[in-house]
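1. I'll drop the sequence and a predicted model, then ask my questions.
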Amino acid sequence: MDSKRRLRLVPALAAGLATVMATVFIPVPSVAGPRSDRLDKEIRIMERAVDDMLVESPNFLVRSSEPTNGIYLEGRGVVFTFKTGLYSFPWRSDGDGWHWFRHNDDRIIVIDDEGAEVHSGKEWRQKQLPEEEKLYSAGKREIVDTILDFGQVLSALEGQDWLEVRARLRGAEYFHENDLSSLRVRVRMQDLRDYLDGRLDREEVRARMQIEES
């Protein structure tokens, strides 16, 4: 995650992070259990971090400002889920203004300030594939960076627990062409803590993260 992006996210999360950073990496008393109020608060804070990443993303397209849902699963860890498409044309500006469209299976009509153009629906969708592939790859990097930059907030989890972000992939032609409906990115909390403590560098912890698509 670039420094400008991180600075935009941090103010929105500062209040919540302040409530838990004093106890980061201090073991949770066994009487409290993993479903403690503390863990619930930490899950809500991490939800906000993922939400902010998605809303500000130039790659992923979500339909609300709070698309993420986090849940603790006994013996597994915390899973954050959301549904997303890709921020591909005509939903985004190309630098010359916004474009709008109407389409059916046979044709796409692109409407901008200069008028309207009619394109073959099949040819247009094929044309979008390289661009959508770039957006998807960049979006996956955004998920990884959000986990590495903000996963520390989940201090109530055990080292063997997983921090997992799972996306339901919808809408984009690239997903359809490659038969993709799900993306899962996860890391062991111990690996994340080793990275934060300096025992692993960023590339080493990235190598230990699991990225699965189906």
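-> Cool, the structure landed. Quick caveat: nothing in here was measured; it's all calculated off a predicted structure.
2. mind listing the helices for the chain?
-> Listed in chain order, the helices of the chain (DSSP state H) span 3-18, 37-56, 121-150, 173-177, 189-196, 202-208.
3. which of the residues in the fourth one are buried?
-> So that's helix 173-177. For helix 173-177, the neighbour count (16 or more other C-beta atoms under 10 Å) marks 173-175 as buried. Heads up, the C-betas are built off the backbone N, CA and C, glycines and all.
4. ok, now the third one?
-> Buried residues in helix 121-150, defined by neighbour count with 16+ other C-beta under 10 Å: 124-125, 128-129, 132, 135-136, 139-140, 142-150.
5. on that earlier part again, lowest-confidence entry in the buried residues of helix 173-177?
-> Ranked by pLDDT, the buried residues of helix 173-177 bottom out at residue 173, which scores 84.
6. hang on, isn't residue 80 packed against residue 167?
-> No: with contact defined as C-beta atoms under 8 Å, residue 80 does not count as touching residue 167 (9.3 Å).
7. any idea of the mean pLDDT for the longest strand along the chain?
-> Looking across the chain with DSSP state E, the single longest strand is strand 77-86. The average pLDDT for strand 77-86 rounds to 96.
8. Quick check: which ranges of the protein have low pLDDT?
-> Applying pLDDT under 70 to the chain flags the ranges 1-35, 89-122.
9. go again using 50 as the cut-off
-> Within the chain, the stretches with pLDDT under 50 are 3-8, 12, 14-31, 34, 91-102.
10. Quick check: residue 161 vs residue 74, distance?
-> To residue 74, residue 161 is 10 Å away according to C-beta to C-beta, to the nearest Å.
11. the more surrounded of the two?
-> Taking neighbours as other C-beta atoms under 10 Å, residue 161 and residue 74 compare with residue 161 leading, 20 against 9.
12. right, and the more buried one touches residue 78 too?
-> Yes: Residue 161 lies in contact with residue 78 (C-beta under 8 Å); the separation is 7.2 Å.
13. Relative to residue 42, how far out is the nearest residue to residue 138 once chain neighbours are set aside?
-> What sits nearest to residue 138 in space, not counting adjacent residues and going by C-beta to C-beta, 6 or more residues apart in numbering, is residue 59, at 4.6 Å. Residue 59 sits 26 Å away from residue 42, taking C-beta to C-beta as the criterion.
14. more crowded one of the two?
-> Set side by side, residue 59 and residue 42 show more neighbours around residue 42, with 26 against 22, by other C-beta under 10 Å.
15. Does the more buried one touch residue 151 like I think?
-> No: using C-beta under 8 Å, residue 42 makes no contact with residue 151, being 10.1 Å away.
16. Who are the contact partners of residue 164?
-> Contacts for residue 164 (C-beta atoms under 8 Å, 6 or more residues apart in numbering) come out as 76-80, 184-186.
17. Look up the residues forming beta bridges with it.
-> residue 79, residue 186 (DSSP bridges).
18. picking up where we left off before, what's the closest of the contacts of residue 164 to residue 36?
-> residue 78 (12.8 Å; C-beta to C-beta).
19. so how far is residue 37 from the closest one?
-> Counting by C-beta to C-beta - residue 78 and residue 37 are separated by 15 Å.
20. Ok, residue 75 next?
-> Look at residue 75 and residue 37: by C-beta to C-beta, they are 20 Å apart.
21. what does residue 159 give?
-> According to C-beta to C-beta, residue 159 stands 21 Å off from residue 37.
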